[in-house]
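Enquirer: how would this look folded up:
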Amino acid sequence: RGVARDNGRIGNNMALTMEYRSILAADIAGSAGRGDSALLDIRDVLFTALRAAMDRGEIDWAACSRHDMGDGIRLIMPPGTLKAQLIHPLGYELAVRLRARNRGAAQSAQVRVRLALHAGDVHVGSDGTAVGHPLEVVARLLDAPPAREALAADPALPLAVIVSPHFYDETVPQGYPGIDRESFRRVAVTVKEYAGEAWLWLPLAPGLPSR
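Expert: Down below sits the predicted model:
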């Protein structure tokens, strides 16, 4: 639990250091049953849009610890990454890019994404190994019903973002440019052994500010 590495193996003698890191996890909604060819295509759409959004946020994709989840990805951000950047511009830019791409795509090729954000002390190794409770938290948030239900309720929404209380407290109310606290709503989260609260944000939802 809470262990990530691209090749799934951990060296017995690897030294891990504890570091405070921001964590992002993304999952494509409704990816099951589309077939391998379609899955490869929609993965490419997500990864391309996410990398472009990270570029806008001046976050180095190559410096992230990446865990490919098949129909999604988990990224442990480089040390010192400003958490607010993961909301704006990254979150907003990702939503814009997904919406623009979906407008010209068939229903079977739509890419709609759940995104979870959290931060905390993680044990990391030089090869990308990562261990720690924050990874479990972000996995539960990514699976949380409120984000799933939001996308199911509005087929036009490209992105639903769910944010841990810790991440929210240190970003959303702090007056950072581009972040509108009125766009976030508190939700209850119960997934497996995890139960608590989080904050849901739906970029580009009708009635919300465009930036």
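Enquirer: For G57, give me its contacts.
Expert: With contact set as CB atoms under 8 Å, 6 or more residues apart in numbering, G57 has these partners: Q85, L86, P89, L90, E93. Every C-beta, even on glycine, is put in place using the N, C-alpha and C of the backbone.
Enquirer: To clarify, my last question referred to P146.
Expert: Counted by CB under 8 Å, 6+ apart, P146 has contacts A160, I162, V187, A188, V189, A198, L200.
Enquirer: where does A26 fall, helix, sheet strand or coil?
Expert: What DSSP: H, G, I helix; E, B strand; the rest coil gives for A26 is strand.
Enquirer: For it, give me its contacts.
Expert: L46, L50, G72, I73, R74, V113, R114, L115, A116, L142.
Enquirer: What about these, which are in helices?
Expert: Residues of the contacts of A26 located in helices (DSSP state H): L46, L50, L142.
Enquirer: out of those, which one sits closest to H133?
Expert: Closest approach between the ones in helices among the contacts of A26 and H133, by CB to CB: L142, at 15.1 Å.
Enquirer: was I right about that closest one contacting I28?
Expert: No. When contacts are counted by CB atoms under 8 Å, L142 is not listed as touching I28 (11.2 Å).
Enquirer: residues shared between the contacts of these two?
Expert: With CB under 8 Å, 6+ apart, L142 and I28 have common neighbours G72.
Enquirer: can you map out the strands along this protein?
Expert: 3-4, 17-28, 65-68, 72-76, 113-124, 130-131, 159-163, 184-191, 194-201 (DSSP state E).
Enquirer: Now do the same for stretch 97-115: mean pLDDT, whole number.
Expert: Averaging pLDDT along stretch 97-115 gives 92.
Enquirer: lowest confidence element among the helices and strands of this protein?
Expert: strand 3-4 (a mean of 38; mean pLDDT, DSSP states H and E).
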